[in-house]
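Novice: What follows is a protein structure lacking sequence information:
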RNA sequence: CGGGGUGUAGCGUAGCCCGGUUAUCGCGCCACGUUUGGGACGUGGAGGCCGCAGGUUCGAAUCCUGCCACCCCGACCA
């Protein structure tokens, strides 16, 4: 087995898969297309959950939980939504097994136990939630209703990939109901903004906020806002979405309320979500050939201490100093792990912690004890320095902030140098092929052009960026007039 | 679901074309000893229905047929 990861130049997909498995984040399960998230990977997910949850609650949202199963009749109530997800649904048709008379020791589905109505395993929860909201909303006094749920969903995809597209995945989905259209749109934008802040400040992943074109829009939505990130191989990844659902679900599920004038009106809705896919974004944004690189805010352990010793006496002496360092760091809110395993040599520990992306490593041996120093190594730049034990806590605190910042700016720099404005289709194809990344170009606004470009180049419109200014131009493909540049890329 | 590829120990593999001793090698694993400032070394050891089911043959990992699984490229998608 090679000690290094596969070179990404050779095969980015393989590199990604190897990294996910070797860094102990996740692996494929025995169930087709499903993923086992291992403890280390799950610890990262928990950190993400905690931060998102905090941001949701700060903006007035509450958590709740709705059923995994959606009766087919409810599922099909909002037609566009149902149609959009129909091709990737897992369906429960029976509720009992029995001994198979033809195969002793085996079980079969009891044909007598067929459900009256099939149950769809939720690919998303709008249907079951709006059916419930119907009973919760009667008056404007019940609004806004701001609810989020942490759940698993199932989408029976043809092709799957660890974290990026698994048959079952974990996510949060927010579902809100509002009195007015303006308020619902405001909520949609607010949540997209929260996702952008989370991605950039917490995960150190720069994102572009924008609106989806009609063909990429969520089934059943009036408008889909999104955050788009650029991966190191030049492909784009949709990292989060926030939908303005208009009154589509309110009408489909008959959710009306009495407004201040005493008249009945349908409520306005939003839904928004991010998933374990964000972990894929994390891996593909920051990692290098030594393994994962974690921003300090997401690392289960921000610092690891590796003792280097020959005798038990040495170890005891090092442990004593290490204990002081640990309590100082913890007092400052920094998470630290003392890797005191006697079964592994220092070199093996170094390699493992690098693979797992621990931001800072302290190595301490007899030499350091004598000098009152430690060796401090930072994961992102792979640099090492000898630093004095005095004010080590401050040094580390500063370095962690610096790493968080450096990771974001490195990724931002990459995105900036891989975002290209083009004005001709020749240039479009050339940039896509030779350089990749985001392509900013004029588009005539038609689905036909979008489809044609996709067919020829495999690039899709990732979004119409919110920050793009009005600019007169002509469509890169059709030559028809256009008022704004949009962002194209090959996507995951 | 179309096109291509691969299934040999926990992982990565040799052998297959041209059938023939006890299935190769590396990593990992176990024991003991020596080691420990960047993935240690030595000695010994355990681990295989060679994807599954048939067939051909004195004899099959190897040849034939069928099936299954996985990977890659499409279509689909957060």
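Specialist: Perfect, I can see it now. If you're wondering where the values come from, they're calculated on a predicted model, not measured in any experiment.

Novice: only C-alpha atoms for contact and neighbour calcs from this point on.
Specialist: Will do.

Novice: Helices of chain A, residue ranges please.
Specialist: Per DSSP state H, chain A carries helices over the ranges A:12-22, A:39-58, A:72-75, A:79-85, A:126-136, A:181-197, A:248-252, A:277-286, A:312-331, A:346-355, A:366-371, A:392-417, A:425-434, A:447-457.

Novice: From the contact counts, what lies against the last one?
Specialist: In terms of contact count using 3 or more Cα pairs under 8 Å, 6 or more residues apart in numbering; DSSP states H and E, helix A:447-457 is assigned the packing partners strand A:460-465.

Novice: Next up, the contacts around the most centrally placed residue in chain A.
Specialist: Computing the C-alpha centroid of chain A and ranking residues by Cα atoms, centre = their mean puts residue A:278 first, at 1.5 Å. Residues in contact with residue A:278 (Cα atoms under 8 Å, 6 or more residues apart in numbering) are A:163-164, A:239.

Novice: Turn the residues you listed into CSV, columns for pLDDT.
Specialist: Converted to CSV, the contacts of residue A:278 look like this (pLDDT from 0 to 100):
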residue, pLDDT
A:163, 89
A:164, 88
A:239, 94
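
Novice: which residues does the closest residue to residue A:225 other than its chain neighbours bridge with?
Specialist: Leaving aside its chain neighbours, residue A:225 sits nearest to residue A:211 (4.4 Å; criterion: Cα to Cα, 6 or more residues apart in numbering). Residue A:211 has these beta-bridge partners by DSSP bridges: residue A:225, residue A:464.

Novice: surely residue A:211 meets residue A:461?
Specialist: No - at 10.0 Å, residue A:211 does not count as touching residue A:461 under the criterion of Cα atoms under 8 Å.

Novice: quick revisit: could the helices of chain A go into a markdown table alongside mean pLDDT and distance to RNA strand B?
Specialist: Rendered in a markdown table, the data for the helices of chain A read as follows (pLDDT from 0 to 100; distance: least, Cα to the nearest atom of the strand, whole Å):
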| stretch | mean pLDDT | distance to RNA strand B |
| --- | --- | --- |
| helix A:12-22 | 81 | 6 |
| helix A:39-58 | 96 | 14 |
| helix A:72-75 | 94 | 16 |
| helix A:79-85 | 91 | 6 |
| helix A:126-136 | 97 | 13 |
| helix A:181-197 | 98 | 13 |
| helix A:248-252 | 96 | 17 |
| helix A:277-286 | 93 | 5 |
| helix A:312-331 | 96 | 8 |
| helix A:346-355 | 94 | 3 |
| helix A:366-371 | 94 | 3 |
| helix A:392-417 | 97 | 15 |
| helix A:425-434 | 90 | 12 |
| helix A:447-457 | 88 | 6 |
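
Novice: most neighbours per residue, which of the ones you listed?
Specialist: Burial of the helices of chain A is given as mean neighbour count (mean count of other Cα atoms under 10 Å); helix A:277-286 ranks first at a mean of 22.

Novice: what angle sits between that one and helix A:392-417?
Specialist: 90 degrees (axes from the mean of the first three to the mean of the last three Cα atoms, to 10 degrees).

Novice: gap between helix A:277-286 and the chain center?
Specialist: 7 Å (Cα atoms, centre = their mean, to the nearest Å).

Novice: Quick one: work out the angle between that helix and helix A:39-58.
Specialist: 110 degrees.

Novice: what's the first-to-last distance across stretch A:430-438?
Specialist: Across stretch A:430-438, the terminal residues are separated by 13 Å (Cα to Cα, to the nearest Å).

Novice: same question, stretch A:296-305
Specialist: 15 Å.

Novice: can you check stretch A:78-98 too?
Specialist: 36 Å.

Novice: Now tell me what touches that stretch from outside.
Specialist: Here stretch A:78-98 has contacts from A:75-76, A:107-111, A:113-115, A:117-123, A:127, A:154-157, A:218-220, A:248-249, A:252-253, using Cα under 8 Å, 6+ apart.

Novice: Pull out the buried members of those.
Specialist: Neighbour counting by 16 or more other Cα atoms under 10 Å classes A:75-76, A:118-123, A:127, A:154-156, A:218-220, A:248-249, A:252-253 among the contacts of stretch A:78-98 as buried.

Novice: Quick check: residue A:139 touching residue A:261?
Specialist: No - counting by Cα under 8 Å, residue A:261 is not a contact partner of residue A:139; they are 10.8 Å apart.

Novice: higher neighbour count, the two?
Specialist: Here residue A:139 and residue A:261 are set side by side on neighbour count (other Cα atoms under 10 Å), and the busier one is residue A:139, at 17 against 7.

Novice: What's opposite that one in the beta bridge?
Specialist: With DSSP bridges as the rule, residue A:139 is bridged to residue A:258.

Novice: again, but for residue A:150
Specialist: Beta bridges link residue A:150 to residue A:172, judged by DSSP bridges.

Novice: Just the buried ones among the contacts of stretch A:78-98: which are in strands?
Specialist: Counting by DSSP state E, these place A:118-121, A:154 in strands.

Novice: which among the residues you listed gets closest to RNA strand B?
Specialist: residue A:154 (6.8 Å; Cα to the nearest atom of the strand).

Novice: Excluding covalently adjacent residues, which one is nearest to that closest one?
Specialist: Leaving out its chain neighbours, residue A:154 is closest to residue A:168 (Cα to Cα, 6+ apart), at 4.4 Å.

Novice: In this structure that neighbour contacts residue A:157, no?
Specialist: No - counting by Cα under 8 Å, residue A:168 sits too far from residue A:157 to count as a contact (9.4 Å).

Novice: wait, residue A:198 sits on residue A:52?
Specialist: Yes - counting by Cα under 8 Å, residue A:198 touches residue A:52, with 7.2 Å between them.

Novice: ok so, going back, shared neighbours of residue A:168 and residue A:157, anything?
Specialist: Contacts common to residue A:168 and residue A:157, judged by Cα under 8 Å, 6+ apart, are residue A:33.

Novice: Which residue ranges make up each domain of chain A?
Specialist: A:12-286, A:303-403, A:419-489 (automatic domain parsing).

Novice: Could I get these in JSON lines, plus columns for distance to residue A:295?
Specialist: Output for the domains of chain A, formatted as JSON lines (distance: least, Cα to Cα, whole Å):
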{"stretch": "domain A:12-286", "distance to residue A:295": "6"}
{"stretch": "domain A:303-403", "distance to residue A:295": "7"}
{"stretch": "domain A:419-489", "distance to residue A:295": "23"}
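
Novice: so which of these gets nearest residue A:410?
Specialist: domain A:12-286 (8.7 Å; Cα to Cα).

Novice: Residue A:400 against residue A:361, yeah?
Specialist: No - counting by Cα under 8 Å, residue A:400 does not reach residue A:361; the two are 11.2 Å apart.

Novice: how near is the residue nearest to residue A:225 to residue A:236?
Specialist: On the measure of Cα to Cα, residue A:211 and residue A:236 end up 15 Å apart.

Novice: and stretch A:330-338, how far from the chain's centre?
Specialist: For stretch A:330-338, the distance to the chain centre is 26 Å (Cα atoms, centre = their mean).

Novice: May I see the buried residues of it?
Specialist: Buried, per 16+ other Cα under 10 Å, within stretch A:330-338: A:334-338.

Novice: Can you get me the start-to-end distance on that stretch?
Specialist: Terminal-residue distance, stretch A:330-338 (Cα to Cα): 12 Å.

Novice: got the contact list for that stretch?
Specialist: Outside stretch A:330-338, the residues that reach it (Cα under 8 Å, 6+ apart) are A:300-306, A:322, A:326, A:329, A:393, A:397.

Novice: Quick check: the residue of the stretch 51-200 of chain A nearest RNA strand B.
Specialist: Closest point on the stretch 51-200 of chain A to RNA strand B, by Cα to the nearest atom of the strand, is residue A:165, at 3.8 Å.
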